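Asker: Sequence and predicted structure below; questions after.
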Amino acid sequence: MMDYSFVDKNRNRVINSLKARGDQFQLKDIDHLNQKRKDLQKKHDDEKSKLNDLSKEIGLIYQNKGDANVAEKLKSQSTALKAEIQALAEAMDKVHAELNEKLLYMPNVLHESVTSGNSDADNPIVRSWGTPKDIQNAKDHDDVAQTLGILDVERSAKVSGSRFSYLLGWGARLERALVNFMLDMHQKHGYTEISSPFLVHKNAMIGTGQLPKFKEDVFCIEQPEFYLIPTAEVPVTNYYREEFLQFSDLPKKFVCYSPCFRKEAGSYGKDTKGLIRQHQFHKVELVQFTTPEESYQALEELTGHAERILQALELPYRIVSLCSGDIGFSSAKTYDIEVWLPSQKAYREISSCSNFEDFQARRAGIKFKRDGKNDFVHTLNGSGLAVGRTLVAVLENYQKEDGSVEIPKVLQKYLDISKLTPGM
RNA sequence: GGAGGAUUGGCCGAGUGGUUGAUGGCGGCGGUCUUGAAAACCGUUGUACCUUAACGGGUACCGGGGGUUCGAAUCCCUCAUCCUCCGCCA
């Protein structure tokens, strides 16, 4: 969590950032709790020190075969003191827990380059790549896939309900080809491939910031309690939780392919057709652990690594920088990559690349040593890319009038075909 | 799921109630010696919080939580993880 000392030291930045986000977090609540905690701890520590001295004294009397009566007297003093200490400890723990619980709801401090705005409409466009093709009567990916017979959302509705899907035959193979292509490419970018757990403990979800604030968005199973990962960011970032890394080991870069599970609560009626918004989708995720000095350069690089996938697939896209009103709770700065979808004549999010600075590292306890000093690492992640949405973009951008779909060149060696045609 | 064994500082490994944050070794850092390096020798070497202008002082931490006791790494309970054997399973 944002620890109190950080808030105290960066008070002006924190206040400005909360204001820009439009966040209702109240600093005076934590100020009050922290003062209370300090006072209680001081008292507790002083009393405990007295008790420790008494115990030592008693020990010495026994060792030196001293006066047992004196020892007994000291013992009863200790017993009285102990009750006091117990009460202080309980009060202190309670206040501390309250403070920490509150701090978990405090969003990250925004980077100075984040522009102010209220919604995604205010996100500045950073750059664009490629020229959208003018496709006459472009069909949406759902139609394209149905025509090819590679997507079945009727049977998934029967089995799992809405927002699930089956991919069949070449559809399933195309998805797998995309995954392999992405993993291979990021391997070349210097990321270590990692295969992670898909069920995690609550603490891991707190570490990366999904909990406690966004409980409604994630799937939870009880007995035993587990959370289904909404992104591989969770198991991969938490890989180093409560650890010290060596300065010489940084940066650490991981790429992880995983399913992602999201409730998509509050998005009823949005993107109901096809593969755009699913309860379960697949994603290749990039995660980096860096020093504080390097994290913004790393964000540019990581975003570039995600872009290279779209460039290789020859899919037009643009980059937007999320404004203060649109950026996520845990992030200090985020670039969204949006791919062109001919059927919608619009750019749609396909990747989100963020620098969390030390926000997640503080929550998860990930530090590094440099010259004998300890500091929190910076964590970053970005989709490289969302596989389902990439499939959507390929189907839509490579569709032909006869209902066939060309296979992007870089995927052909993974599939041994150059074209998908209806009925094949 | 059942039965045993284990969990100590960066690593290895002592330590079964009393000034123990914890013997020793390795590693790391600093120094002596050396033209330099190695070896040898000497010293040093955890984290978090409170307090102090600072030097420093205090509290907590020996897998997690709870208990017994004036006092717990050490005794008791409980949970977790790992290892071995059995069962089951991909």
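Answerer: Structure's in. What do you need?

Asker: switch to C-alpha atoms for all contacts and neighbour counts from now on
Answerer: OK.

Asker: How about the stretch 101-250 of chain A: which residue is closest to RNA strand B?
Answerer: residue A:244 (7.6 Å; CA to the nearest atom of the strand).

Asker: which residues touch the residue of chain A positioned farthest from its centre?
Answerer: Here chain A reaches farthest from its C-alpha mean at residue A:67, the gap being 63.5 Å by CA atoms, centre = their mean. Residue A:67 makes contacts with residue A:61, as judged by CA atoms under 8 Å, 6 or more residues apart in numbering.

Asker: So what's the gap between whatever helix or strand the residue of the stretch 101-250 of chain A closest to RNA strand B lives in and the chain middle?
Answerer: Using DSSP states H and E, residue A:244 sits within strand A:243-246. In terms of CA atoms, centre = their mean, to the nearest Å, the gap separating the centre of strand A:243-246 from the centre of its chain is 20 Å.

Asker: what does the stretch 151-300 of chain A put close to RNA strand B?
Answerer: Nowhere does the stretch 151-300 of chain A come near RNA strand B, counting by CA under 7 Å from any atom of the strand.

Asker: Strands along the stretch 151-300 of chain A, start to end?
Answerer: A:151-152, A:166-167, A:192-193, A:199-200, A:220-221, A:226-228, A:243-246, A:252-261, A:280-290 (DSSP state E, counting those that start in this stretch).

Asker: how far out from the middle of the chain is the second one?
Answerer: Its chain's C-alpha centre lies 27 Å from the corresponding centre of strand A:166-167 when counted by CA atoms, centre = their mean.

Asker: same question, the last one
Answerer: How far strand A:280-290 lies from its chain's middle: 9 Å, per CA atoms, centre = their mean.

Asker: on that earlier part again, shouldn't the residue of the stretch 101-250 of chain A closest to RNA strand B be in contact with residue A:373?
Answerer: No - the pair residue A:244 and residue A:373 does not pass the contact test of CA atoms under 8 Å, sitting 11.2 Å apart.

Asker: Just want to know which of the two has more residues nearby.
Answerer: residue A:244 (16 against 7; other CA atoms under 10 Å).

Asker: so which of the strands of the stretch 151-300 of chain A is the most packed in?
Answerer: strand A:280-290 (a mean of 25; mean count of other CA atoms under 10 Å).

Asker: between that one and strand A:252-261, how many degrees?
Answerer: 160 degrees (axes from the mean of the first three to the mean of the last three CA atoms, to 10 degrees).

Asker: give me phi/psi at residue A:317?
Answerer: phi -150, psi 170 (degrees, to the nearest 10).

Asker: In contact with it, which residues?
Answerer: A:128-130, A:310, A:337-340, A:347.

Asker: How about residue A:376?
Answerer: Per CA under 8 Å, 6+ apart, neighbours of residue A:376: A:292, A:358, A:361-362, A:365-368.

Asker: can you give me the helices for the stretch 201-350 of chain A?
Answerer: Here the stretch 201-350 of chain A has its helices, by DSSP state H, counting those that start in this stretch, at A:202-208, A:233-237, A:295-313.

Asker: Serialize those helices to TSV and add fields for mean pLDDT, mean neighbour count and distance to residue A:395.
Answerer: Compiled in TSV, the helices of the stretch 201-350 of chain A are given as follows (pLDDT from 0 to 100; neighbours: other CA atoms under 10 Å; distance: least, CA to CA, whole Å):
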stretch	mean pLDDT	mean neighbour count	distance to residue A:395
helix A:202-208	93	21	33
helix A:233-237	96	25	27
helix A:295-313	98	19	12
